[in-house]
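Asker: here's my sequence, what's the structure:
(3 chains)
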Amino acid sequence: MLEELLSGLNPKQKEAVTLAPRSALILAGAGSGKTKVLTTRVAWLIQTSQVNPLQILAVTFTNKAAKEMLIRISAMLPINTRGMWVGTFHGLCHRLLRAHYRDAGLTQAFQIMDSQDQLAMIKRLLKALNVDDEKYPARQLQYFINDAKETGLRASQVEAHDDYTRKQTELYAVYEEQCAKEGVVDFSELLLRCFELLSRNELLRAHYRQRFSHILVDEFQDTSRLQYQWLRLLAGDKNSVFAVGDDDQSIYAFRGADVANMQDFIKTFSVEEVIKLEQNYRSHGNILDAANALISHNKNRLSKSLWTSEGSGEPLRVYEAASDMEEADFIVDEVKALRVQGVPLSQAAILYRSNAQSRVLEHALFSAAIPYRVYGGLRFFERQEIKHTLAYLRLIANSDDDAAFLRVVNFPTRGIGNRGLEQLQDLAKERGLSLWKAACLSHLSGRAGTNISAFTNLVESMRETCLDLPLAEAIEHVVEASGLMQHYRSERDGADRVENLNELINAAVTFIGEYEKQKSDDANDSELTAFLSHAALEAGEHQALPGSEALQLMTVHAAKGLEFYSVFLSGLEEGLFPHENSISLQAGESGSLEEERRLMYVAITRARRRLYMSYAQSRMLHGQTRYNVASRFLQEIPEELLKRLQVENREQPATSLTRVDGMATPVSRVIEASVWRIGQNVVHAKFGQGIIINSEGRGCDARVQVNFHNAGPKWLALEYAKLVRV
DNA sequence: TTCCAACTGTTTTTT
DNA sequence: ACAGTTGGAA
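Answerer: Numbering: from 1, shown residues only, chains lettered A, B, ... in the order given. Just a heads-up that it's a prediction; the model follows:
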């Protein structure tokens, strides 16, 4: 059995799996069997009787990864995985908080707000406090608050050195208070609250430290400061932390991930074993060579180099298109060719830096009748009809939830307008009550008052009915009694929404099935509360599902962790990839460019056999045609690995603006040739060196936009500017 | 309450 | 370009 467990591993992997139970860092390159090592480690620990399943805590970032982990562990072990804590940071913290809600200072029925709810609450507060939302945009305040929490800071602990920050901190404090009043927590709160619970409560801390002697972390490079501190707290100085990650694939710094945790981990946990997994089982050699060459341009890495025992394979195909439309047509042609060669559509993916780029691609695919699937966008539990239903359910579970109250008090419409609500909000504020309590307390004057009472009565009666019903039937009742179903049935384009509501009822059935099966002993919540938490923590699948026979379209971020036979990496242009926001700050912040490069590294390593990289000379962006030059990342890949594709019937003078015209067929229109073409390097007497990035007009009116290395982009009239080509 | 026109902000995203 | 939001008029 033990032999069998280890037989499929290479020496490095085996070494990692069988390490003595001390803290260790596994630097696992892309496609090197990271998850396999982590799950086999768990199985090995249990199989060799070093630990029992109860002592294991395995944590990841996404629900998908957590599920995957559980499946793989179960497949390797004859025992059932119940009692093993495997989940996301948020999921595990949530579990701890439910179990110890009193110690954590929460109400039993506390609810989780998603980002939408959080933003709505902040907007509500800003309005109630008469704060100028021009000066303090809700969105920005939301970032401020989450940022503070992710750093481990309460409003009272934030150091504000200027008026603006002081004001934001003040609003943060009000927000905290409001959350407490309503009995709701946001995502970062789950982590911070849990961290505080464990750091303050010595008994609990001791208990969990005793219990979880083996902590395993996946995608360690993505941990935030707070998550890392949480791990430290839980580990103490006795427990072993088995951290698996890849600093070269850290692409989430923008949302708080801190690669520095890896270096810190080695120091703080006195890690003696850093094992590098560099053998790649995914891609052919040329693809790996390209990835290695590219990423070597980053400084500050824990060096690592991928290799394969397979051959070098095909060269990487590079294509320069005249326009974004033509780029899409090129990809469509190649996809058709792949299909003829027998590559399943689902084994090909188009990756792009930003979602906006999918439009043109979709258009071309649609015209060519190629089935495709786009990942990203609204998830199931984020749809408005679902959120409305959940809001009714939340009111039933916890009537102090103002966000839920406001969302559905007048949906479907029942004659409660702004004046009535304002009255109610004033009253609630005055007495320090939730909207629900305020509504129950007094009979407000006028028609709005009676309508509001009708609403609370409605919810009250729903609550009574639901008490005796199984969850799915309860939801069905709510959907009907609230009038939501009726409303969407009579709406013009409501068919999808009606379907989603039915789907929600199905989801409840499925959920309860799972819940009954793995209900842990410490969970004594009502089914409803559990379902609501589930809905908030697991908004629905965002990443690719296997199976569907369609071409896969997604951002590079969404592609992390996936692999395809053939990958089309599109839009490789300066300003797009690397994104302009990452290029600009040449002084200081070089970190963001390095993150872009890591993103490119992730993109390249998704391909198993064939990689296409394309860029367009012109592209529609924000309603304007932009002229871009090829991404610097292409130049960072050795030319001998590349094969530059040519399209035969498109011969053009290199100095002409012809090619920037957005036509897919050979161009017939002749536009005057100019030496001032996009991409031309120039020198200006005052601004110095730069590159032409845009142009307009002709003759003596002609102007060009030059992006100067030191002075940034400037529009210049050719007649006066005295530009010199270099 | 509903509807339409004007206005805005557009990197990446999980929980 | 375009989707989502807001504010004012009907």
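Asker: up against DNA strand B, what does the stretch 101-250 of chain A have?
Answerer: Neighbours of DNA strand B within the stretch 101-250 of chain A, by CB under 7 Å from any atom of the strand: A:114-115, A:187-188. Where you see a C-beta, it was placed from the backbone N, CA and C, and this is true even at glycine.
Asker: at 6 Å what do you get?
Answerer: A:115, A:187 (CB under 6 Å from any atom of the strand).
Asker: so where do the helices sit in the stretch 101-250 of chain A?
Answerer: Assigned by DSSP state H, counting those that start in this stretch, the helices in the stretch 101-250 of chain A fall at A:115-128, A:138-150, A:163-182, A:187-200, A:202-211, A:225-235.
Asker: export the ones you listed to a markdown table and tack on mean pLDDT?
Answerer: Below are the helices of the stretch 101-250 of chain A laid out as a markdown table (pLDDT from 0 to 100):
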| stretch | mean pLDDT |
| --- | --- |
| helix A:115-128 | 89 |
| helix A:138-150 | 92 |
| helix A:163-182 | 92 |
| helix A:187-200 | 96 |
| helix A:202-211 | 96 |
| helix A:225-235 | 96 |
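Asker: dump stretch A:396-403 to PDB, keeping only the CA atoms.
Answerer: What follows is the C-alpha trace of stretch A:396-403 in PDB, where atoms were taken according to Å, rounded to 0.1, in the frame of the first residue of the first chain:
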ATOM      1  CA  ILE A 396     -36.000  35.100   8.000                       C
ATOM      2  CA  ALA A 397     -32.700  33.900   9.600                       C
ATOM      3  CA  ASN A 398     -31.700  37.300  11.000                       C
ATOM      4  CA  SER A 399     -34.100  40.200  10.700                       C
ATOM      5  CA  ASP A 400     -31.600  42.800  11.700                       C
ATOM      6  CA  ASP A 401     -29.900  42.500   8.300                       C
ATOM      7  CA  ASP A 402     -30.500  46.000   6.900                       C
ATOM      8  CA  ALA A 403     -29.000  45.200   3.600                       C
END
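Asker: show residues contacting that stretch.
Answerer: A:107, A:109-111, A:113, A:117, A:120-121, A:124, A:178, A:181-184, A:391, A:394-395, A:405, A:428, A:434-437, A:459, A:462-463, A:466, A:478, A:526, A:528-529, A:532 (CB atoms under 8 Å, 6 or more residues apart in numbering).
Asker: hang on, the earlier thing: can you put the helices of the stretch 101-250 of chain A in a markdown table and add distance to residue A:83 and mean neighbour count?
Answerer: Output for the helices of the stretch 101-250 of chain A, formatted as a markdown table (distance: least, CB to CB, whole Å; neighbours: other CB atoms under 10 Å):
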| stretch | distance to residue A:83 | mean neighbour count |
| --- | --- | --- |
| helix A:115-128 | 32 | 18 |
| helix A:138-150 | 30 | 18 |
| helix A:163-182 | 32 | 16 |
| helix A:187-200 | 20 | 21 |
| helix A:202-211 | 10 | 14 |
| helix A:225-235 | 17 | 20 |
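Asker: of the ones you listed, which is nearest residue A:265?
Answerer: helix A:225-235 (7.5 Å; CB to CB).
Asker: one step back: DNA strand C: which of the helices of the stretch 101-250 of chain A is closest?
Answerer: helix A:115-128 (6.5 Å; CB to the nearest atom of the strand).
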